[in-house]
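# mind folding the following:
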Amino acid sequence: MKIKATISTLLCLMISFMQIVSAQYPCDPATAATNLDVNNVNATITNGANLWGGSYVVPKPSASSGLPEISAIAGGGIWIGGFDPGGNIKLAATTFGVGAGGVDYYPGPLTESGETSLNTCNNFDYIWSITGADIASHRADWWDNGTIDGPIPSSVLRWPARGNPDFSAIFGFELPATEQGAAPFQDRNNDGLYSPYDGDYPDINGADQAHWMVFNDTGNEHFETGGIATNFEIQVLAYSFESNEPAVNNATFYDYKFINRGIETLEDLVIGIWIDPALGCPADDYVGCFPENDIAFIYNQDAIDGENDCSCPGGVNTYCEEIPVVGVKIVKGISVVRVFGENGELEIPESWESPDTVIRTKMNNFMVWDGPVVPSGSSLDFDYYSLLTGNWTDGTPLTTGGNGYNPGSTDYTNFAYSGNPSIDTAWSMCSENTMADPQMLMGFEPFRLEPGAVNDLTFAVIYTADVAYPCPDLSVLQEVGDEIDDFFNKGFSTEEKTPIYKQSSLTLSPNPFTNQTQLRLVNQNEQLSSVQVYSISGQLIRTYNSLSANSLAIEKGNLTTGMYFYKALSKDGKAYSGKFVVN
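From the prediction side, this is the model:
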């Protein structure tokens, strides 16, 4: 019996040692950054720790306006915390990122056994970008005759989807071949492998612009929280739409995919979204939430952003007297399994219980505090976990009134400042006249995640300018949130239908031609939107944009004798492609 106990102890020590070592690869923090800027937002997207890298500009001024860019959010990121079977806490979080010396996340995927390397981290310190136009062009090439005839857009060839046959030749390193995959794609032949030559294409939910990245919390020590690595791989798709609907044109969307690459199941696992508001001048920011709408929001303390002259310490650009409201809207919460309790309520199943149902959770708690996470005297990782679960770092539950920290009170709540600021009797930062420049954290219900299992969530950042300060009525933001829900639920279908090829739906005649040819839609009610002409080697030769006619005359001009490819889009979104020959 003593021998068995000793072996068991040694195994536990070995597992703990492996977990600690695996969390200390010598990876550097991510540096890759790009911009999500196709609509009325210009958001800086960064890989790893801080999602927006200090800049989320809305509304986006036109280049010719001469107006300054004003940022509404300073930063944001994901918090994850849970317990292994031995009761040890595993946790990763981000607040102010590299600049503040606190990093728990590092670039790149993990192997199926939860490992990484310095080369992997360096290789994946990258953000892959693509546009809806490139995807539409590629799909049009397939639609006309069921084969890929023309040149494939570079962004489609470079997309880091599982099995991409060109990836290693382009980038000089291999994509992981893990079961959970990498960047999302539509798989025409359902073979599980991404091949643009077979008509496969990136799946960005029909967006006009998207960026994809992957990171983990295993690449080095947790300098932010001091926690032990969760061994999570996190994949992110950030995307936006250019739309005539203001709610959508002023929004950006984020799909997060969480993969447990560890060797143990994590229990009581909680995921949260941390936000550092900076609505113009951060010194006078207020925040709150609408739990029933799954919205957290940022608004201004008074009717002037910054000082009375609209200035802000540090020279930060302000909204002055035209101050918007920005919110974070959960559109698809974490997926959890539940069992029905004795009274019919949903409960977390024990490890030996079979679940009765699967649900998508709503926002479960909302915490607000000022300044960095202050250690309570216990370990710092437990302090972060306390905030994740809707408690203060010393374990005091959140209660209604004041700033929510009221030891001895039994007026418990999950949500800080959950009232509309325009209602005097509702609990808000406006009614309490409390501190400004807070941080906020949206937490989800706890769940269990086994090794290799996947969970996901989607949220949007939303905006409205239609508010009157001070203490604005934010029901208008609730309406924007409802519009985003409707758009998400109705408009995000990327289900691939079997194409019906109609060669006569767009004609080109004469072909071959010597001086001029006519590209014409057979349906007289349809109009062309754009046409692109490519050389046989794939070089873009001509672009015809902003078209509003049923036909287009293509002149020979400087086109030399030979074969060319064309790709055309109609006003109603139909795509066409074909070939022509110049004599």
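# residue contacts, Lys567?
Contact analysis of Lys567 by C-beta atoms under 8 Å, 6 or more residues apart in numbering lists Ser137, Ala140, Asp141, Gly150, Val531, Gln532, Tyr534, Ala575, Tyr576, Ser577. (C-beta placed from N, C-alpha, C; glycine too.)
# now stretch 451-471, how far from the centre of its chain.
10 Å (C-alpha atoms, centre = their mean, to the nearest Å).
# restricting to C-alpha, output it in PDB.
What follows is stretch 451-471, C-alpha atoms only, in PDB (Å, rounded to 0.1, in the frame of the first residue of the first chain):
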ATOM      1  CA  PRO A 451      -8.500  17.700 -22.600                       C
ATOM      2  CA  GLY A 452      -8.900  18.400 -26.300                       C
ATOM      3  CA  ALA A 453     -12.300  19.900 -25.900                       C
ATOM      4  CA  VAL A 454     -13.400  23.200 -27.500                       C
ATOM      5  CA  ASN A 455     -15.600  26.100 -26.400                       C
ATOM      6  CA  ASP A 456     -16.300  29.400 -28.100                       C
ATOM      7  CA  LEU A 457     -18.000  32.800 -27.800                       C
ATOM      8  CA  THR A 458     -18.800  35.800 -30.000                       C
ATOM      9  CA  PHE A 459     -19.100  39.400 -28.900                       C
ATOM     10  CA  ALA A 460     -19.400  42.700 -30.700                       C
ATOM     11  CA  VAL A 461     -18.400  46.200 -29.800                       C
ATOM     12  CA  ILE A 462     -21.300  48.500 -30.600                       C
ATOM     13  CA  TYR A 463     -21.700  52.300 -30.700                       C
ATOM     14  CA  THR A 464     -24.400  55.000 -30.800                       C
ATOM     15  CA  ALA A 465     -24.000  58.800 -30.900                       C
ATOM     16  CA  ASP A 466     -27.700  59.500 -30.100                       C
ATOM     17  CA  VAL A 467     -27.500  60.300 -26.400                       C
ATOM     18  CA  ALA A 468     -28.000  63.400 -24.400                       C
ATOM     19  CA  TYR A 469     -25.700  64.100 -21.400                       C
ATOM     20  CA  PRO A 470     -25.400  64.100 -18.500                       C
ATOM     21  CA  CYS A 471     -26.800  60.800 -17.100                       C
END
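# now do it, average pLDDT.
Mean pLDDT, computed over stretch 451-471, is 96.
# buried residues in it, which are they?
Of the residues in stretch 451-471, those buried under the neighbour-count criterion (16 or more other C-beta atoms under 10 Å) are 451, 455, 457-464, 467, 469, 471.
# stretch 115-128 too?
Result for stretch 115-128 [16+ other C-beta under 10 Å]: buried residues Glu115, Thr116, Thr120, Cys121, Asn123, Phe124, Asp125, Tyr126, Ile127, Trp128.
# before we move on, the earlier item: kindly reformat the buried residues of stretch 451-471 as JSON lines containing distance to Ile234 and secondary structure.
Below are the buried residues of stretch 451-471 laid out as JSON lines (distance: C-beta to C-beta, whole Å; DSSP: H, G, I helix; E, B strand; the rest coil):
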{"residue": "Pro451", "distance to Ile234": "16", "secondary structure": "coil"}
{"residue": "Asn455", "distance to Ile234": "11", "secondary structure": "strand"}
{"residue": "Leu457", "distance to Ile234": "11", "secondary structure": "strand"}
{"residue": "Thr458", "distance to Ile234": "14", "secondary structure": "strand"}
{"residue": "Phe459", "distance to Ile234": "14", "secondary structure": "strand"}
{"residue": "Ala460", "distance to Ile234": "18", "secondary structure": "strand"}
{"residue": "Val461", "distance to Ile234": "18", "secondary structure": "strand"}
{"residue": "Ile462", "distance to Ile234": "23", "secondary structure": "strand"}
{"residue": "Tyr463", "distance to Ile234": "25", "secondary structure": "strand"}
{"residue": "Thr464", "distance to Ile234": "30", "secondary structure": "strand"}
{"residue": "Val467", "distance to Ile234": "34", "secondary structure": "coil"}
{"residue": "Tyr469", "distance to Ile234": "37", "secondary structure": "coil"}
{"residue": "Cys471", "distance to Ile234": "38", "secondary structure": "coil"}
